[in-house]
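A.B. asks: take a look and give me a structure for this.
(one chain, ligands or ions: 1)
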Amino acid sequence: MNIEREVLETDILIVGAGPAGLALAYKLANLVESDDAVELPEILMMEKGSYVGAHSLSGAVMDPRGIAELIPDFVDKGAPLEAQVSSDAMYYLSERRAVKFPFIPPSLNNHGNYVISLNKFTGWMAEQVEAKGIDIYAGLAGYDLLVEDGKVAGVQTVDMGLDKEGNQKSNFEPGSIIKAKVTVLCEGVHGSLTRHAFEKIPTLIEGRLPQSYLTGVKEVWEVPNGRIKPGQVIHTIGWPQPKHEYGGGWIYGMSNNMVSIGYAVGLNSPDPTNDPHMKFQRYKMHPLVRKILEGGTMLHYGAKTVPDSGYYSMPKLYHGGLLLCGDSVSFLNPQKLKGIHLAIKSGIMAAETLFDCLKATDLSANMLNKYEERFENSWAKKELYKSRNFHASFKGGLWAGLFHGAIQMLMGGRGLFNRRENKADHTYMLKIEDYKKRFGHAPEKVSVKLDNEYTFDKLTDVYKSGSTHEEDQPPHLVIADYDICNNRCTEEYGNPCQHFCPAHVYEMVDDPDRPGKLKLQLTPSNCVHCKTCDITDPYQVIRWVTPQGGEGPNYTNL
Ligand SMILES: Cc1cc2nc3c(=O)[nH]c(=O)nc-3n(C[C@H](O)[C@H](O)[C@H](O)COP(=O)(O)OP(=O)(O)OC[C@H]3O[C@@H](n4cnc5c(N)ncnc54)[C@H](O)[C@@H]3O)c2cc1C
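C.D. replies: All right, here's what the predicted structure looks like:
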């Protein structure tokens, strides 16, 4: 169907108002302000969440290096900081016990860092950006990346008002074409337009290792006075993750007796029943965690993936008409599992590059290339390079990973190997028969009784994410082949989607047309935009595409 679309033109288009995109907009405005010879270009900034911060979810302990470089007086300017880190502890958990590490390795020391709620923090950053005269269009979602004559030319936004079958409803509004001299993708983890960029411009990822991910599942609780101090930071490794799988938990003291508690699970698991949400529910039953939560109330829930393979997975960062920033392109230190400061730094470097381009009135790829040069000479590169082999260390399991991680620290990041080959996460999942051969038994998911007091089912948790989607629209989880889901996947893997999704989007229900058989049923309106399904599906027949703008989670305090 040929749809007539409005065409808008701008100088710079920023997709995504997370730390990376907001830092870019703020820094560029600042640089232009400081130079009378350069005028602020036309900037259009879009964010798919209904407000800035609606889709921001993090731990979060923030290293202030990025924000201090961007806004040196961020504390005086009222940045929402829950607390400065007041204590730091790390535990190894078995099912009943918690063994405290006698020391915190220097690279994991959080002295001087801040506990924040990222979604409050990005809300505040957005206020600073808007004060510079830049408008942020929240509720506007990029759907397709436009590439013309080999160069990125802009973005098409999502069509609004289509029904489930893709027919136009009375409120139909076609997505616009936004043409830009430079498009900067700051979409965060596993960005959908960033993925288009990699598909349409394969040289961006040529020779780079595939990205790996964790899924982080998180709740914010209000707990009785005195249970945890603001700024108290606890990290755990071990239980309930099996020793051959990667992951761990966190407990951070926030202000007003709130606590951020979460569990992150590697998606390169061999187990087709891998269920990050259920592992998190089990985690909360550990005595160490339970004694903090007892008598408290769960306030908020969210889930999101984290890109954790680091430096060797970073693509080329520029192309004609394109710059790439933040989590989308692995600006995250896997050893510290921190990316906020690096996302901000990537935004700063992109802004400095664009400022040079504006001064030279040259926005060509030759000039955009300076972004990559800046990165090469930055503290961000040094930090990412140091942790370049960290993720790969855990291929041999927890103890091998810890051992190798320690050697890397002593050897400045190299360790006993360098640039170990990595495959895409979904390729590590074993078919049931292969799992039995490797582990001597069928995969079995360990569950806890969900009591609706400390432990919750996925639907209750989704309700606490505030996620909403118009139900009568084309599903934004596009299944390329239902036949694979309803037959091959059931037999070979037991339909892992019903386990790995932390929002109960995927369910296997009785198929009335095939008595005794199951079929896949989707509830896309539950989706919290974590992207776990797109990454983990073993056949890669699930594709996450952007739904209508302004939909998805409405996070607060996360
Ligand atoms: C569970 C978890 C725990 C973490 N803990 C920590 C921590 O303790 N410390 C730390 O430093 N880091 C932590 N991180 C990582 C940190 O949150 C990220 O590195 C950081 O948020 C990346 O910033 P970003 O701007 O690149 O992406 P994001 O923060 O993800 O922002 C991207 C924005 O782009 C928007 N967007 C995406 N696609 C589109 C589109 N097509 N159209 C319009 N808008 C779009 C999204 O809605 C989002 O608002 C954690 C992450 C997770 C998930």
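A.B. asks: and the closest residue to residue 396 other than its chain neighbours, helix, strand or coil?
C.D. replies: Once flanking residues are discounted, residue 396 sits nearest to residue 404: 7.8 Å by C-beta to C-beta, 6 or more residues apart in numbering. No exception for glycine: its C-beta is placed from N, CA and C like everyone else's. Recorded secondary structure, residue 404: helix (DSSP: H, G, I helix; E, B strand; the rest coil).
A.B. asks: what is the burial count for residue 404?
C.D. replies: Per other C-beta atoms under 10 Å, the neighbour tally for residue 404 reads 21.
A.B. asks: read off the pLDDT value for it.
C.D. replies: At residue 404, the model reports a pLDDT of 70.
A.B. asks: so after the helix or strand of the chain with the lowest mean pLDDT, what's the next helix or strand?
C.D. replies: Lowest by mean pLDDT, DSSP states H and E among the helices and strands of the chain is helix 398-410, with a mean of 70. In the C-terminal direction, the helix or strand that comes right after helix 398-410 (DSSP states H and E) is helix 432-439.
A.B. asks: distance from that next one to the middle of the chain?
C.D. replies: 31 Å (C-alpha atoms, centre = their mean, to the nearest Å).
A.B. asks: same thing with stretch 387-401?
C.D. replies: Distance of stretch 387-401 from the chain centroid (C-alpha atoms, centre = their mean) equals 21 Å.
A.B. asks: for residue 440, phi and psi?
C.D. replies: phi 80, psi 0 (degrees, to the nearest 10).
A.B. asks: report how many residues lie close to the closest residue to residue 370 other than its chain neighbours.
C.D. replies: Once flanking residues are discounted, residue 370 sits nearest to residue 353: 4.9 Å by C-beta to C-beta, 6+ apart. Using other C-beta under 10 Å, the number of residues around residue 353 comes to 27.
A.B. asks: show me what from the stretch 201-350 of the chain comes close to the ligand.
C.D. replies: Neighbours of the ligand within the stretch 201-350 of the chain, by C-beta under 6 Å from any ligand atom: 216, 218, 262, 264, 304, 306, 326-327, 332, 337-341, 343.
A.B. asks: in strands, which of those appear?
C.D. replies: Within these, residues falling in strands by DSSP state E are 216, 218, 262, 264, 304, 306.
A.B. asks: average pLDDT for the strand or helix carrying residue 92?
C.D. replies: Using DSSP H and E, residue 92 sits within strand 87-93. Averaging pLDDT along strand 87-93 gives 96.
A.B. asks: roughly how far apart are residue 469 and residue 395?
C.D. replies: Distance, residue 469 to residue 395, by C-beta to C-beta, to the nearest Å: 37 Å.
A.B. asks: and residue 53, how far is that from residue 554?
C.D. replies: Going from residue 53 to residue 554 by C-beta to C-beta gives 9 Å.
A.B. asks: got it, and residue 173?
C.D. replies: 22 Å.
A.B. asks: comparing the two, which residue is more hemmed in?
C.D. replies: Legend: neighbour count by other C-beta under 10 Å for residue 173 and residue 554, higher for residue 554 (19 against 15).
A.B. asks: quick one: contacts for that one?
C.D. replies: Shown in contact with residue 554 (C-beta atoms under 8 Å, 6 or more residues apart in numbering): 49, 50, 51, 54, 465, 466, 467, 468.
A.B. asks: can you check residue 326 too?
C.D. replies: Per C-beta under 8 Å, 6+ apart, neighbours of residue 326: 16, 18-21, 186-188, 339, 342-343, 346-347.
A.B. asks: next one: residue 530
C.D. replies: Per C-beta under 8 Å, 6+ apart, neighbours of residue 530: 215, 303, 304, 305, 502, 503.
A.B. asks: again, only this time at 6 Å
C.D. replies: Taking C-beta atoms under 6 Å, 6 or more residues apart in numbering, we find residue 530 in contact with 303, 304, 305.
A.B. asks: these two touch, right, the second one and residue 55?
C.D. replies: Right, residue 304. No - counting by C-beta atoms under 6 Å, residue 55 is not a contact partner of residue 304; they are 8.2 Å apart.
A.B. asks: could you find the closest non-adjacent residue to residue 137?
C.D. replies: In space, residue 137 is closest to residue 46, 4.9 Å off (C-beta to C-beta, 6+ apart).
A.B. asks: what does residue 17 give?
C.D. replies: residue 47 (3.8 Å).
A.B. asks: state the distance from that neighbour to residue 141.
C.D. replies: According to C-beta to C-beta, residue 47 stands 8 Å off from residue 141.
A.B. asks: higher neighbour count, these two?
C.D. replies: Using other C-beta under 10 Å as the criterion, residue 47 and residue 141 rank with residue 47 on top: 31 against 26.
A.B. asks: show me what contacts the closest residue to residue 525 other than its chain neighbours?
C.D. replies: The spatial neighbour of residue 525 that comes closest, neighbours along the chain excluded (C-beta to C-beta, 6+ apart), is residue 469 at 4.1 Å. Residue 469 makes contact with 525, 547, 551, according to C-beta under 6 Å, 6+ apart.
A.B. asks: what strand or helix carries the nearest residue to residue 292 once chain neighbours are set aside?
C.D. replies: Take residue 292 and drop its neighbours on the chain: the residue closest to it by C-beta to C-beta, 6+ apart is residue 227, 5.0 Å away. Per DSSP H and E: residue 227 is located in neither a helix nor a strand.
A.B. asks: how many other residues sit next to residue 227?
C.D. replies: The burial count for residue 227: 18, using other C-beta under 10 Å.
A.B. asks: roughly how far does it sit from residue 257?
C.D. replies: Applying C-beta to C-beta to residue 227 and residue 257 gives a distance of 7 Å.
A.B. asks: again, but for residue 503
C.D. replies: Distance of residue 503 to residue 257, given as C-beta to C-beta: 27 Å.
A.B. asks: residue 419 too?
C.D. replies: According to C-beta to C-beta, residue 419 and residue 257 sit 46 Å apart.
A.B. asks: buried residues, the helix ranked longest in the chain. List them.
C.D. replies: Longest helix in the chain by number of residues (criterion: DSSP state H): helix 340-359. Using 16 or more other C-beta atoms under 10 Å as the test for burial, helix 340-359 gives 340-358.
A.B. asks: ok, now stretch 186-205?
C.D. replies: By neighbour count on 16+ other C-beta under 10 Å, the buried set for stretch 186-205 is 186-198, 201, 204-205.
A.B. asks: so which of those residues are in helices?
C.D. replies: Among these, the ones falling in helices (DSSP H) are 192, 193, 194, 195, 196, 197, 198.
A.B. asks: what does stretch 442-459 contact?
C.D. replies: Applying C-beta under 6 Å, 6+ apart, the external contacts of stretch 442-459 come out as 271-273, 275, 277-278, 281-282, 284-285, 435-436, 504.
A.B. asks: from the chain's centroid, how far away is that stretch?
C.D. replies: 24 Å.
A.B. asks: what mean pLDDT does it have?
C.D. replies: Mean predicted confidence for stretch 442-459 is 95.
A.B. asks: residues of that stretch that come out buried?
C.D. replies: Across stretch 442-459, burial judged by 16+ other C-beta under 10 Å covers 443, 454, 455, 456, 458.
A.B. asks: and those residues, which is closest to the ligand?
C.D. replies: Nearest to the ligand out of the buried residues of stretch 442-459 is residue 458 (C-beta to the nearest ligand atom; 16.5 Å).
A.B. asks: gap between that closest one and residue 54?
C.D. replies: From residue 458 across to residue 54, the span is 20 Å (C-beta to C-beta).
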